[in-house]
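S.K.: Got a sequence here, can you model it:
(one chain, ligands or ions: 2)
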Amino acid sequence: MAEQNKNNGAPQNTQRNGKNNKKPRMNFMWVYVLIAIALGCLSVIGDKDLPWSAAASKNVPYTTFQEYVKQGYANKIVANKDEGTVQMFVKPDHIRDVFKTGVDQAGKAPFVQAEYGSADKLEEFVTAERELGNFNGELSYKRSNDTFMQVFWNLFPLLLIIFVWMFIMRRMGSGGGGMGSIFNVGRSRAQLVEKGGENESKVTFKDVAGQASAKQEVQEIVEFLKNPQKFTDLGGKIPKGALLVGPPGTGKTLLAKAVAGEADVPFFSMSGSDFVEMFVGVGASRVRDLFRQAKEKAPCIIFIDEIDAVGRARANNAMMGGNDERESTLNQLLTEMDGFGTNSGVIIMAATNRADILDKALLRAGRFDRQIHVDLPDLNERKAVFKVHLKPIKVDKSLDIDLLARQTPGFSGADIANVCNEAALIAARHGKQSVTKEDFIAAVDRIVGGLEKKTKVMTEEEKRTIALHEAGHATISWNLQYANPLIKVTIVPRGRALGAAWYLPEERQITTKEQMLDEMCATLGGRAAEELFTGHISSGAMNDLERVTKQAYGMIAYMGMSDALPNLCYYNQSEYQWQRPYSEATAQKIDDEVKKMIAEQYERAKALLLEKREGHAALADLLVEREVIYAEDVEKIFGKRPWVSRTEELLEKQGEEEGATPDSPPALPNREGAESTEQSSAS
Ligand code: ADP
Ligand code: ZN
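M.R.: Numbering: from 1, shown residues only. Ligands and ions are numbered 1, 2, ... in the order given. This next block holds a predicted model:
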């Protein structure tokens, strides 16, 4: 495979902007150009004022011309020295004699044209005839490019339009390649990184700090690209696409590049927004072109950044119109993904900040069926990122990377790279020999100042509050029998949430009231901890409260789970949602019951937190220090949970079968499974 690569790689090393040696493909752009030219010609031919298209004219021998002049037919004589022709414009009175038609049919300025031998002879002849009184008009000369000038002026507006149009096309092509680019709008603008290529830059996993789980997940793709036989021989299928999900600057592009670097295959990179242009059909044609190029270089990786630009869910409402161009681009992408075989060796990686707004069709099996989360780095990961980016910088020996990592909660990998660069600049400005701690602190301050609105950078105090809050959830869920067992808690911001807790969801079809209440209590644990241990309540619990409120309404109004309204379901699926199927008095009762239920669980949470306050405090401290903690850490503080959930039981049994030590911490279940609850438990 590597061999094949080299062969492919040698001749054309860059295809940026679609400039390559091949002829531009015939596409609809040509049609536009042809139409424009045709229109131009028509406009010229149709113009009656032009001499050569003007009315009647006739080519005659020179002697006939002389004859006409002698007869006194000539009105005006024009000689064209370049062509050696002479035109004699006929007097209206003699049109019938010359052309045998009426004056009307002959048009404005009919003439006869003849070739003359020498200009001197012509002049002599004309002068002689003038003296004889046969001709009293004028003899003039013209050059043939006069006609060209006239044609030019006729075409000028059209040329101007074409020029402006080309200009616009080039601008839209943003740095498009020269005059040829108008024919190349349909070509993809993918940037190609490959061995021996122009943009060659070898990125490997070593350059990606942290992101252990993401790296592990893409490892399989590397293996496949390196040695596809191994998989195909066994009849295995390799995913065609992997979706990297995470906030900007966390190294998604870097990771995709590293996969290509590790596997030593070409890497096509394109942004989703590059597909979509003003012209209909361009996006789809670019997708086609990109895949065609990629297939030529297989095995390789296609990386599509910001895939949401094309992949946003299609409008299911025809009335809204939707964006047809984007949809046809998306459709083409789906078609291409389905079209090539699993084993063709092209793997598509895409990045997005939000997987939830993507069209469901993109996430279906056989397309981007694999989602890899690339989260903001936690403390240790930040340390690792710093180490990567400090390498090229001359740092002071006393610099404490640990401290830097601590000073940068909520920073992404790109932010950290930025800090390192900024620090070097600050040090240079002050004429220092090496970059010191002060420079880094100044750089952090500057970047925090610039970032505040963009990303979630926390102050120490906020961090503490979030830790208390998340520890509250963790403490309660650990100590209640029916709450979902906890896997991991973090105070690294994720999406719109400030922290998050992952739970192992129970495999269950029905949920009992006790389970729901325990979960509600755990969800309220965040706010309860804030109130108890900081003395303030904060906006951080809004998500929790929303969930709890919905849950309580569901339990009371739909599931008949309250004492005051037992066994009643007011679920209303009729068209008229605003018609409540119950009376005003019942509505009041529901509201009261909801309030009562939530208040009870809140008190319960507070009581439990007070009972376990030491444990809770230890957990919060640990969170502040480490930013992420796992079930084992919680277990160390509170001891083993006396209740084993069914899922845990299953896992444990599996572990024993596989010969794992029964003591080992519960393995992280597949992320997808935990994800669903995690998403909803974020706050
Ligand atoms: P994304 O595609 O997620 O927006 P990028 O991959 O473009 O982010 O990252 C931008 C830059 O940030 C990278 O070029 C790299 O310098 C730095 N960076 C981000 N994450 C990491 C990381 N985990 N390790 C090292 N550098 C990183
Ligand atoms: Zn919460």
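
S.K.: CA atoms for contacts and neighbours, from now on please.
M.R.: Will do.

S.K.: residues from this protein in reach of ligand 1?
M.R.: Within reach of ligand 1 by C-alpha under 6 Å from any ligand atom, the chain has these residues: 207-210, 248-254, 385, 413-414, 417.

S.K.: in the chain, which spans are strands?
M.R.: Applying DSSP state E to the chain gives strands spanning 57-59, 74-80, 85-90, 111-115, 139-142, 191-193, 241-245, 267-271, 300-305, 346-352, 370-373, 486-490, 500-503, 628-630.

S.K.: which ones are touching Asp375?
M.R.: Residues near Asp375 by C-alpha atoms under 8 Å, 6 or more residues apart in numbering: 211, 245-247, 250, 494.

S.K.: Got a quick ChimeraX command for the buried subset of the residues you listed?
M.R.: Of the contacts of Asp375, the buried ones go into a single ChimeraX selection, burial set by 16 or more other C-alpha atoms under 10 Å:
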select :211,245,246,247,250,494
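
S.K.: Out of the contacts of Asp375, flag the one nearest to Lys297.
M.R.: Ranked by distance to Lys297 (C-alpha to C-alpha), the contacts of Asp375 are led by Val245 at 26.4 Å.

S.K.: Mind listing the residues bridging to that closest one?
M.R.: Here Val245 sits in beta bridges with Thr352, His373, as judged by DSSP bridges.

S.K.: Chain neighbours aside, what residue packs nearest to Met561?
M.R.: Spatial nearest neighbour of Met561, excluding adjacent residues (C-alpha to C-alpha, 6 or more residues apart in numbering): Met555 at 5.5 Å.

S.K.: Count residues in the vicinity of that neighbour, would you?
M.R.: 19 (other C-alpha atoms under 10 Å).

S.K.: how near is it to ligand 2?
M.R.: For Met555, the distance to ligand 2 equals 21 Å [C-alpha to the ion, to the nearest Å].

S.K.: Pick out the residue of the stretch 451-600 of the chain closest to ligand 2.
M.R.: Nearest residue of the stretch 451-600 of the chain to ligand 2: Gly526, at 4.7 Å (C-alpha to the ion).

S.K.: His473 is in contact with that residue, correct?
M.R.: Yes. Here Gly526 reaches His473: they are 5.2 Å apart, a contact under C-alpha atoms under 8 Å.

S.K.: on that earlier part again, show me which of the contacts of Asp375 is closest to ligand 2.
M.R.: Looking across the contacts of Asp375 and measuring by C-alpha to the ion, the closest to ligand 2 is Arg494, at 12.6 Å.

S.K.: And the contacts of stretch 436-453?
M.R.: By C-alpha under 8 Å, 6+ apart, stretch 436-453 touches 395-396, 398-400, 404, 407-408, 415, 418-420, 422-424, 426-427, 457.

S.K.: ok, of these, which come out buried?
M.R.: Buried residues within those, counting neighbours by 16+ other C-alpha under 10 Å: 395, 404, 407-408, 415, 418-420, 422-424, 426-427, 457.

S.K.: Widest-spaced pair of those?
M.R.: Taking C-alpha to C-alpha, the two most distant members of the buried ones among the contacts of stretch 436-453 are Val395 and Val457; they sit 24.9 Å apart.

S.K.: Pull out the buried positions in stretch 67-77.
M.R.: Buried-residue list, stretch 67-77, by 16+ other C-alpha under 10 Å: 68-70, 72-77.

S.K.: Can you sort out which of the residues you listed also neighbour ligand 2?
M.R.: Among those, proximity to ligand 2 is found for none (C-alpha under 5 Å from the ion).

S.K.: low-scoring pLDDT stretches of the stretch 251-400 of the chain, where are they?
M.R.: 277-280, 315-323, 340-343 (pLDDT under 70).

S.K.: at 50 instead, please
M.R.: Across the stretch 251-400 of the chain, residues meeting the criterion (pLDDT under 50) sit at 317-318.

S.K.: now swap in the stretch 501-650 of the chain and tell me
M.R.: Judged by pLDDT under 50, no stretch of the stretch 501-650 of the chain qualifies at all.

S.K.: Now do the helices in it.
M.R.: For the stretch 501-650 of the chain, the helices defined by DSSP state H, counting those that start in this stretch cover 513-534, 542-553, 584-611, 613-626, 631-638, 646-657.

S.K.: how distant is the second one from the center of its chain?
M.R.: On the basis of C-alpha atoms, centre = their mean, to the nearest Å, helix 542-553 is displaced by 34 Å from the centre of the chain it belongs to.

S.K.: for ligand 2, what are the nearby residues on the stretch 501-650 of the chain?
M.R.: By the rule C-alpha under 5 Å from the ion, the part of the stretch 501-650 of the chain lying against ligand 2 is Gly526.

S.K.: With the stretch 1-150 of the chain instead?
M.R.: Going by C-alpha under 5 Å from the ion, none of the residues of the stretch 1-150 of the chain are near ligand 2.

S.K.: Verify the stated contact: Ser271 with Val310.
M.R.: No. Between Ser271 and Val310 there is no contact under C-alpha under 8 Å: 9.5 Å.

S.K.: Who has more neighbours out of the two?
M.R.: Counted by other C-alpha under 10 Å, Ser271 and Val310 do not tie: Val310 has more neighbours, with 27 against 20.

S.K.: any idea how far ligand 2 is from the more buried one?
M.R.: With distances taken as C-alpha to the ion, Val310 is found 33 Å from ligand 2.

S.K.: again with Lys432
M.R.: Applying C-alpha to the ion to Lys432 and ligand 2 gives a distance of 46 Å.

S.K.: okay, now that residue: neighbour count?
M.R.: Neighbours of Lys432 (other C-alpha under 10 Å): 12.

S.K.: Now the phi/psi pair for it, please.
M.R.: phi -90, psi 160 (degrees, to the nearest 10).

S.K.: mind starting the numbering at 44 from now?
M.R.: In the new numbering, first residue 44, that becomes Lys475.

S.K.: Report pLDDT for it.
M.R.: Looking at Lys475, its pLDDT stands at 87.

S.K.: Next, the contact list for it, please.
M.R.: By C-alpha under 8 Å, 6+ apart, the contact list for Lys475 is empty.

S.K.: Ok, Ala162 next?
M.R.: Ala162 sits next to Lys124 when contact means C-alpha under 8 Å, 6+ apart.

S.K.: Ile400 too?
M.R.: So Ile400 contacts 351, 355-356 (C-alpha under 8 Å, 6+ apart).

S.K.: For it, give me phi and psi.
M.R.: The phi and psi values for Ile400, taken as degrees, to the nearest 10, are phi -90, psi 0.

S.K.: ok so, going back, the buried ones among the contacts of stretch 479-496 in helices, which ones?
M.R.: Among the buried ones among the contacts of stretch 479-496, DSSP state H puts 447, 458, 461-463, 465-467, 469-470 in helices.

S.K.: Let me know the closest of the residues you listed to ligand 2.
M.R.: Asp458 (26.5 Å).

S.K.: Spatially nearest residue to that closest one, not counting backbone neighbours?
M.R.: Closest residue to Asp458 apart from its sequence neighbours, by C-alpha to C-alpha, 6+ apart: Gly292 at 7.1 Å.

S.K.: circling back: which one of the buried ones among the contacts of stretch 479-496 is nearest His579?
M.R.: Top of the list for closeness to His579, among those and by C-alpha to C-alpha, is Val500 at 20.7 Å.
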